[in-house]
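Student: from the sequence below, what's the structure:
(4 chains)
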Number of protein chains: 4
Amino acid sequence: MNKGRLEAFSDGVIAVIITIMVLDLKVPHGADLAALRPVLPVFLSYALSFLYVGIYWSNHHHMLQACHKVNGRILWANLHLLFWMSLIPVVTGWMGENYRAAIPVALYGSVMFLSGIAYLILGRALIALHGADSPLAVALGRDFKGKVSLLLYAIAVAVSFVDAWLALAIYAAVALMWIAPDPRIEKRISA
Amino acid sequence: MNKGRLEAFSDGVIAVIITIMVLDLKVPHGADLAALRPVLPVFLSYALSFLYVGIYWSNHHHMLQACHKVNGRILWANLHLLFWMSLIPVVTGWMGENYRAAIPVALYGSVMFLSGIAYLILGRALIALHGADSPLAVALGRDFKGKVSLLLYAIAVAVSFVDAWLALAIYAAVALMWIAPDPRIEKRISA
Amino acid sequence: MNKGRLEAFSDGVIAVIITIMVLDLKVPHGADLAALRPVLPVFLSYALSFLYVGIYWSNHHHMLQACHKVNGRILWANLHLLFWMSLIPVVTGWMGENYRAAIPVALYGSVMFLSGIAYLILGRALIALHGADSPLAVALGRDFKGKVSLLLYAIAVAVSFVDAWLALAIYAAVALMWIAPDPRIEKRISA
Amino acid sequence: MNKGRLEAFSDGVIAVIITIMVLDLKVPHGADLAALRPVLPVFLSYALSFLYVGIYWSNHHHMLQACHKVNGRILWANLHLLFWMSLIPVVTGWMGENYRAAIPVALYGSVMFLSGIAYLILGRALIALHGADSPLAVALGRDFKGKVSLLLYAIAVAVSFVDAWLALAIYAAVALMWIAPDPRIEKRISA
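Tutor: Residues are numbered from 1 along each chain as shown, chains lettered A, B, ... in the order given. Coordinates of the predicted model:
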């Protein structure tokens, strides 16, 4: 089974996810600067999630590039990842409107945590098919960065009940950590 | 006529269907746990439909993979399937808000039933073009699982007027039955 | 310049158009049959437009299949077609809510008329690039069906100010006339 | 790393952007011509933005066609462009409702300015990978048209605080200037 349609479908779903988030940036009533003020946190929340979804797309792109086949288990691991990612617009909108409240900020982190777990499972399914000594497996290695992210998401969820601002800072830090495309895979591919 | 653009268009439509469903998960007003409670049935309804649409995409993927050409009749059989699937977000949202009421639960099952019929018709159209002794025809066989699903949808629609919870349980059971990719086709392809 | 990305982009836009129309099928408040009654005309309006957009996709698919290159003029003729088609969801929703009123029914026909003109222009641009004796030009011929449709749309727009039901009947008739994929092109391709 | 999936993802995102803008063309209440009047400026605003997004897609198409590889930096430069473009629907809707007010008109121009900067950065990243004497670099040249557009956007943003109509005229003029596909690249490709 070839990977072409899996990539095409994932691209489609991720493209819709990243774009419908913008529907929560409601056109404000009124036409002055004051009308824009309440939109600012929603905008920042949108920008953060755009970054996260972009990171997922970029890493997904890199990971699939190192593969050459898929099976039924991988189809489902991929759909599982897309399911959690499809919730990102919902939690983004809610957090944008309530960025100082514990529950919305914690829920955002939980969806990020579950997306991260799903990405890990997808990686495992791909390695299981391609072999533990495949270029992909070697390149992914122990996936240090992925595991650190999961840990940081878990910490941020807990922290959000104490200080929502600190949790938001952790989310931003994780995103910044991922902006560079994964050098582990790029190195091996070009090697 | 090659199948590439049929697959691409179907991927696009299914990707949008699976993603805009999430727009019914309205961002709740309020920022505490109580605000989330009314969202729970809508969320479960969404998760069930995500599973169903994922199953359709996966089976569609498998079925088309065993084909190598399409014709005008197949284009229309495919659009017919996409039409009924495009109604899934509507009935999902309505059922999510009224999961204990007969009509919304029955309507959900009806759309599933009609989608199932449309999938069957698409399969027939593909077999008609590829021949009754093509790998696809042999692989699909008597399509036992598809027919059982149709029967269960019909039962669930009737049952929803007596006990909506039982109908919901049947919908969940059908989804679980399909999660594994169709071994009939996978076996033949790899054989 | 190859046609692949033009097809991919058109598929994406048409897939979104055909799917976001369903967002106007608002989940009714209330859970009984009476709640569904006001949705019925919106549903029929949706079904008609789904058919129209499906016809455009199918004909677009056939026409592009007979081509092997595109240029800047064709890119813009294609965007021009997509512009008018992108208005179909708006006029569909408005007509669905006001199916007995002259202006919404006439506006629906006007958008169909302008989409038809844009399709004609795209065909001309493709023939101009491929030559008047190319398989595409021969296959499209005098485009009798396309011109009849334009005439019928124009008549329906005028008629809608006298009898909206008659105009709706004309729209349905044009759609039915097109359901069969264009035999002119299919014949030549397979010849 | 090949460019196929970058193009596919960009096509998907741009297709959704260009289509969800139409959701701001709210179906008016009432069924007479008077109901359409307030929609007119929103429609013109939509048409202008459709043109702009179409121009970006067309130029993006041309630029990528002259490339044969991408890297991580280009992935991010492309996502950066898509981010600013994803804001076009928001500012389009706001400007459509407040086309005589300084802030919405200035914000529209600011998003156009930032999208233009992002496009410039993407071009630079592509040239950095392909070399200063690559066909792409030679074709893009000094990018006179791109820089004039940026200047005009900046002027329009300032002007919108004095005369919103003049700013709108400048936006329209820039769009018209770009409608023809970039002859610099087309010429070199066909040369």
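
Student: report whether the helix or strand where A:Asn59 lies contacts chain D.
Tutor: Using DSSP states H and E, the element containing A:Asn59 is helix A:39-65. Yes: for helix A:39-65, a contact with chain D is found by CB under 8 Å from any CB of the partner chain, at A:Ala47, A:Phe50, A:Gly54, A:Trp57, A:Ser58, A:His61, A:Gln65. Where C-beta positions appear, they are placed from N, C-alpha and C, glycine not excepted.

Student: what is the helix or strand just after that helix packed up against?
Tutor: Remark: after helix A:39-65, the chain's next helix or strand is helix A:72-86, criterion DSSP H and E. For helix A:72-86, the contact count by 3 or more CB pairs under 8 Å, 6 or more residues apart in numbering or on different chains; DSSP states H and E identifies helix A:4-20, helix A:39-65, helix A:102-130, helix B:4-20, helix B:39-65 as packing neighbours.

Student: okay, the ones you listed in CSV with distance to C:Asp133, mean pLDDT and mean neighbour count next?
Tutor: Rendered in CSV, the data for these read as follows (distance: least, CB to CB, whole Å; pLDDT from 0 to 100; neighbours: other CB atoms under 10 Å in any protein chain shown):
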stretch, distance to C:Asp133, mean pLDDT, mean neighbour count
helix A:4-20, 36, 91, 25
helix A:39-65, 44, 91, 20
helix A:102-130, 51, 94, 21
helix B:4-20, 26, 91, 25
helix B:39-65, 35, 91, 20
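
Student: tell me which of those helices sits nearest to chain C.
Tutor: The closest approach between chain C and any of these, judged by CB to the nearest CB, belongs to helix B:4-20 at 3.1 Å.

Student: now that closest one and helix A:4-20, what's the angle there?
Tutor: 40 degrees (axes from the mean of the first three to the mean of the last three CA atoms, to 10 degrees).

Student: ok, the helix holding A:Asn59 near chain B or not?
Tutor: No: under the criterion of CB under 8 Å from any CB, helix A:39-65 makes no contact with chain B; the nearest approach is 10.1 Å.

Student: which parts of the helix or strand hosting A:Val157 are buried?
Tutor: Per DSSP H and E: A:Val157 is located in helix A:144-159. Taking 16 or more other CB atoms under 10 Å in any protein chain shown as the neighbour-count basis, helix A:144-159 is seen to contain the buried residues A:Lys145, A:Gly146, A:Ser149, A:Leu150, A:Leu152, A:Tyr153, A:Ala156, A:Val157, A:Val159.

Student: any chance of those residues in CSV, plus distance to chain B and pLDDT?
Tutor: As requested, the buried residues of helix A:144-159 are arranged in CSV below (distance: CB to the nearest CB, whole Å; pLDDT from 0 to 100):
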residue, distance to chain B, pLDDT
A:Lys145, 27, 85
A:Gly146, 24, 87
A:Ser149, 23, 93
A:Leu150, 22, 95
A:Leu152, 23, 96
A:Tyr153, 19, 96
A:Ala156, 17, 96
A:Val157, 14, 96
A:Val159, 17, 96
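
Student: can you narrow those to ones near chain D?
Tutor: Among the buried residues of helix A:144-159, no residue sits close to chain D (CB under 8 Å from any CB).

Student: tell me the one of the residues of helix A:39-65 next to chain D nearest B:Met112?
Tutor: A:Trp57 (31.1 Å; CB to CB).

Student: isn't the closest one right next to A:Ile14, touching?
Tutor: Yes: the pair A:Trp57 / A:Ile14 is scored as a contact, 5.0 Å apart, by CB atoms under 8 Å.

Student: mind listing the shared neighbours of these two?
Tutor: Taking CB atoms under 8 Å, 6 or more residues apart in numbering or on different chains as the contact criterion, the residues that touch both A:Trp57 and A:Ile14 are D:Phe9.

Student: closest one of the buried residues of helix A:144-159 to A:Tyr171?
Tutor: For A:Tyr171, the closest of those turns out to be A:Ala156, at 6.0 Å, with distances computed as CB to CB.

Student: wait, the closest one touches A:Ile170, no?
Tutor: Yes: at 4.0 Å, A:Ala156 and A:Ile170 qualify as touching, with contact defined as CB under 8 Å.

Student: list residues touching both of the two?
Tutor: If you check A:Ala156 and A:Ile170 against CB under 8 Å, 6+ apart, the residues they both contact are A:Gly109.

Student: where does chain A come near chain B, residue by residue?
Tutor: The interface of chain A toward chain B, taken as CB under 8 Å from any CB, is made up of A:1, A:5-6, A:8-9, A:12-13, A:15-17, A:20, A:23-24, A:71-72, A:75-76, A:79, A:82-83, A:86-87, A:89-90, A:93-94, A:97-98, A:101-104, A:107.

Student: can you pull the contacts of A:Ile155?
Tutor: Shown here is A:Ile155, whose contacts under the criterion CB under 8 Å, 6+ apart are A:Ile170.

Student: which parts of chain A sit against chain C?
Tutor: Counting by CB under 8 Å from any CB, the residues of chain A lying close to chain C are A:Gly12, A:Ala15, A:Val16.

Student: please list the outside residues in contact with stretch A:83-95.
Tutor: A:13-14, A:17, A:20-21, A:23-24, A:42, A:45-46, A:48-49, A:52-53, A:56, A:104-105, A:107-108, A:111, A:114-115, A:118, B:18-19, B:22, B:25, B:27-28, B:31, B:47, B:50, B:54.

Student: oh, that last question was meant for stretch A:141-153, not what I typed.
Tutor: In this structure, residues lying in contact with stretch A:141-153 by CB under 8 Å, 6+ apart are A:109-110, A:112-113, A:116-117, A:119-120, A:123, A:170, A:173-174, A:177-178, A:182, A:184.

Student: just how off-centre is that stretch within its chain?
Tutor: Stretch A:141-153 sits 13 Å away from the centroid of its parent chain (CA atoms, centre = their mean, to the nearest Å).

Student: go on, stretch A:20-35?
Tutor: Per CA atoms, centre = their mean, the displacement of stretch A:20-35 from the mean C-alpha position of its chain is 25 Å.

Student: just the C-alpha atoms of that stretch, please, in PDB.
Tutor: Coordinates of each C-alpha in stretch A:20-35 appear next as PDB, following Å, rounded to 0.1, in the frame of the first residue of the first chain:
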ATOM      1  CA  ILE A  20     -10.900  27.200  10.100                       C
ATOM      2  CA  MET A  21      -9.200  28.300  13.400                       C
ATOM      3  CA  VAL A  22      -9.300  31.700  11.900                       C
ATOM      4  CA  LEU A  23     -13.100  31.600  12.000                       C
ATOM      5  CA  ASP A  24     -12.800  32.200  15.800                       C
ATOM      6  CA  LEU A  25     -11.100  35.500  15.100                       C
ATOM      7  CA  LYS A  26     -14.600  37.200  14.900                       C
ATOM      8  CA  VAL A  27     -14.900  40.400  13.000                       C
ATOM      9  CA  PRO A  28     -15.300  42.900  15.800                       C
ATOM     10  CA  HIS A  29     -18.300  45.200  15.900                       C
ATOM     11  CA  GLY A  30     -17.200  48.800  15.800                       C
ATOM     12  CA  ALA A  31     -14.400  50.200  13.600                       C
ATOM     13  CA  ASP A  32     -11.900  51.700  16.000                       C
ATOM     14  CA  LEU A  33      -8.800  50.500  17.800                       C
ATOM     15  CA  ALA A  34     -10.900  49.700  21.000                       C
ATOM     16  CA  ALA A  35     -12.800  47.100  19.000                       C
END
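
Student: and that stretch with chain D, contact?
Tutor: Yes: with CB under 8 Å from any CB as the criterion, chain D is reached by stretch A:20-35 at A:Ile20, A:Val22, A:Leu23, A:Leu25, A:Val27, A:Pro28, A:Ala31, A:Asp32, A:Leu33, A:Ala35.

Student: out of the residues you listed, the closest to A:His130 would be?
Tutor: A:Ile20 (33.3 Å).

Student: need the contact list for that closest one.
Tutor: Residues touching A:Ile20, when contacts are defined by CB under 8 Å, 6+ apart, comprise A:Pro89, B:Thr19, B:Ile20, B:Val22, B:Leu23, D:Val16, D:Ile20.

Student: do the same with A:Leu79
Tutor: With contacts defined as CB under 8 Å, 6+ apart, A:Leu79 is in contact with B:Phe50, B:Gly54, B:Trp57, B:Ser58.
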